[in-house]
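S.K.: Can you look at this prediction? I've put the sequence above it.
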Amino acid sequence: MNVSSLVAETVWEEIESTCSVTDDQISILHFLFGKNFERATRIVDQRGVKRIFGEPSGRWIFQVVGESRKKEEYFCFAEHYCACYSFFYDIVNRGEQLCCKHQLAARLAACLGACVEVKVSDEELALLLSKL
């Protein structure tokens, strides 16, 4: 894990422990993630993050709205994966970013308790995951 990732993880843990975000934390995250963080905050402000829970297992995945006119929705795991084009192009292929705006939005919304919670059966969740 590089220094930027360690700093980001520390800030995320602080936000999660208080369920609030300070100006200093916003500044640090903006420095680390730039425009992706700005876009992620807009997504969170617009209630564009769903956390889909499978019952009874409690497993979950995020579904995050994109910013295009089409309002596409992307499934993602905040720390590891997103189904968007940017994740594969900028993060996996080029290594230019630590994560995409959808992952940032999911992480921020989860830390702040700002997700729209959706409960589905484990079978429905499995079906969603099979389409990734």
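M.R.: Nice, thanks for sending it over. As the structure is a prediction and not an experimental result, all values here were calculated from the model.
S.K.: And the helices in the protein?
M.R.: Remark: helices assigned in the chain by DSSP state H are 3-18, 23-33, 35-45, 85-86, 101-112, 122-130.
S.K.: I'd like to know how many residues surround the nearest residue to I52 once chain neighbours are set aside.
M.R.: Leaving out its chain neighbours, the residue that sits closest to I52 by C-beta to C-beta, 6 or more residues apart in numbering is V118, at 4.8 Å. Quick note: C-beta positions are derived from backbone N, CA and C, even for glycine. A total of 13 residues lie near V118 under the criterion other C-beta atoms under 10 Å.
S.K.: ok, and the helix or strand in the chain with the lowest average confidence?
M.R.: In the chain, the helix or strand scored least confidently by mean pLDDT, DSSP states H and E is helix 85-86, which has a mean of 88.
S.K.: what about stretch 52-64, how long is it end to end?
M.R.: By C-alpha to C-alpha, to the nearest Å, the extent of stretch 52-64 from end to end equals 11 Å.
S.K.: Count the residues that sit near H30.
M.R.: Using other C-beta under 10 Å, H30 has 14 other residues around it.
S.K.: you'd agree it is up against A40?
M.R.: No - assessed by C-beta atoms under 8 Å, H30 is found out of contact with A40, at 10.1 Å.
S.K.: Low-confidence regions, the protein specifically.
M.R.: Low-confidence segments of the chain (pLDDT under 70): 1.
S.K.: The same query, at a cut-off of 90, please.
M.R.: Applying pLDDT under 90 to the chain flags the ranges 1-5, 66-71, 78-80, 85-86, 88-98, 128-129, 131-132.
S.K.: Kindly compare burial across the helices of the chain and name the winner.
M.R.: helix 101-112 (a mean of 26; mean count of other C-beta atoms under 10 Å).
S.K.: Can you list the neighbours in contact with that one?
M.R.: With contact meaning C-beta atoms under 8 Å, 6 or more residues apart in numbering, helix 101-112 is reached by 12, 15-16, 19-21, 29, 33, 36-37, 39-41, 43-44, 48-49, 51, 62, 64, 66-67, 74, 76-79, 82, 84, 86-87, 99, 114-115.
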